[in-house]
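Peer 1: Can you look at this prediction? I've put the sequence above it.
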Amino acid sequence: MREIFVGMPWWVKWVAVPLIAIVVFGGLIANVIGFVIGLLFKVLVFVALVGGLVYVVRKFMNSSSSSSGDW
């Protein structure tokens, strides 16, 4: 692979080839990044919902146990 780029100017190696790679694989890279960000968002929503459920259940259990003690 190195012998292919031996006679080429620096800008071909460091500018043109990466730009071509981004153009060719840009959609794939964007899809992977979008999938990862979407997955992280769903995990955060899941954690927030479970945390809220645990908070509500504990608050309800504490209030019902303290009010039943008044009987």
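Peer 2: Perfect, I can see it now.
Peer 1: phi, psi of the closest residue to K13 other than its chain neighbours?
Peer 2: Excluding the flanking residues, the one nearest K13 by CB to CB, 6 or more residues apart in numbering is F5, at 5.2 Å. For the C-beta atoms, the positions are set from N, CA and C on the backbone; glycine is no exception. Here is the backbone geometry of F5 (degrees, to the nearest 10): phi -90, psi 0.
Peer 1: what does V6 give?
Peer 2: phi -60, psi -50.
Peer 1: What count of nearby residues applies to it?
Peer 2: 6 (other CB atoms under 10 Å).
Peer 1: The longest helix seen in the chain - what's its average pLDDT?
Peer 2: Identified as the longest helix of the chain according to DSSP state H is helix 17-68. With pLDDT averaged residue by residue, helix 17-68 scores 92.
Peer 1: my guess is the residue nearest to K13 meets W11, correct?
Peer 2: No: contact status for F5 versus W11: not in contact, 11.5 Å apart, counting by CB atoms under 8 Å.
Peer 1: Those two - which one has more neighbours?
Peer 2: F5 (12 against 9).
Peer 1: Distance-wise, check the more buried one relative to G26.
Peer 2: 22 Å (CB to CB, to the nearest Å).
Peer 1: and what of W14?
Peer 2: 18 Å.
Peer 1: Tell me, how many residues neighbour G34?
Peer 2: 10.
Peer 1: That one and L40, how far apart?
Peer 2: 11 Å.
Peer 1: what does K59 give?
Peer 2: K59 is 29 Å from L40, by CB to CB.
Peer 1: okay, which residue is most central for the chain?
Peer 2: By CA atoms, centre = their mean, the chain has its centre lying nearest to I37, at 2.8 Å.
Peer 1: residues in contact with that one?
Peer 2: Counting by CB atoms under 8 Å, 6 or more residues apart in numbering, I37 makes contact with nothing.
Peer 1: ok, now how distant is it from A30?
Peer 2: The value you get for I37 to A30, if CB to CB is used, is 10 Å.
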